[in-house]
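>>> I need the structure of the sequence given here:
(2 chains)
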Amino acid sequence: KNEVEQSPQNLTAQEGEFITINCSYSVGISALHWLQQHPGGGIVSLFMLSSGKKKHGRLIATINIQEKHSSLHITASHPRDSAVYICAVPPSGGGADGLTFGKGTHLIIQP
Amino acid sequence: DTEVTQTPKHLVMGMTNKKSLKCEQHMGHRAMYWYKQKAKKPPELMFVYSYEKLSINESVPSRFSPECPNSSLLNLHLHALQPEDSALYLCASSQVWGEPGYTFGSGTRLTVV
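Here you go, the predicted structure:
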């Protein structure tokens, strides 16, 4: 089974700072998910990526398949970005199975 | 339609009650999932349905009973729950093969009293 490691586990930053969250996994995958969860809320899918880089607004996700590593960046961070960010990978053999989740990064952006 | 809809959003139930959680999607996904999430923890897989058949049961107690009446609907029937079953219950869907995208519902916040 894939092992997913995220860092840092907790991150507090000032508004406007550039944020980086890292994720590494142990077994090759077809794609990786970045998810966001606000306190008391459900899970929102931010990105699914299988290679290279994706950008949506102030969020950028990159993945290096050879190094089994992905990063999520937030530019010009804002207090509304405060949430838990989770990386997750599907089963390496495909098929219907649960995602393997990292433990999440609890991000707080202070005004 | 690119959403997974879960109802109700909040549920309070007594330990002797019977209730059901409902999940619906119209994306043509043939895999549907129930996850349980406790505070400050990642979701834990409970059940997987693939082509409307139960394919994975992660040793979930029988007081949780899943049902997939058709390819768009997934239910979770609850009976004789314990206070420690209080959690956020998340539904998700995906293709079985091919495109690996997952879509999550917003969850049902369950409190057992």
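
>>> Number of residues surrounding residue 1?
Here I'm looking at chain A. 9 (other Cβ atoms under 10 Å in any protein chain shown). Every C-beta, even on glycine, is put in place using the N, C-alpha and C of the backbone.

>>> that answer is for a different chain, and I need it for chain B
9.

>>> ok, and the closest non-adjacent residue to it?
The spatial neighbour of residue B:1 that comes closest, neighbours along the chain excluded (Cβ to Cβ, 6 or more residues apart in numbering or on different chains), is residue B:26 at 4.4 Å.

>>> Next, find the distance separating the one you found from chain A.
17 Å (Cβ to the nearest Cβ, to the nearest Å).

>>> Quick check: residue B:30 touching residue B:51?
Yes. Checked against Cβ atoms under 8 Å, the pair residue B:30 and residue B:51 is within contact range at 5.2 Å.

>>> Check the residue nearest to residue B:1 and give its pLDDT.
As predicted, residue B:26 sits at a pLDDT of 94.

>>> Please tell me how far it sits from residue B:32.
Distance of residue B:26 to residue B:32, given as Cβ to Cβ, to the nearest Å: 12 Å.

>>> okay, these two: which has more neighbours?
Using other Cβ under 10 Å as the criterion, residue B:26 and residue B:32 rank with residue B:32 on top: 25 against 13.

>>> Parallel or antiparallel, which strands does the helix or strand hosting that one pair with?
Per DSSP states H and E, residue B:32 falls inside strand B:31-37. Here strand B:31-37 is paired, per DSSP bridges, with strand B:44-50 (antiparallel), strand B:87-94 (antiparallel).
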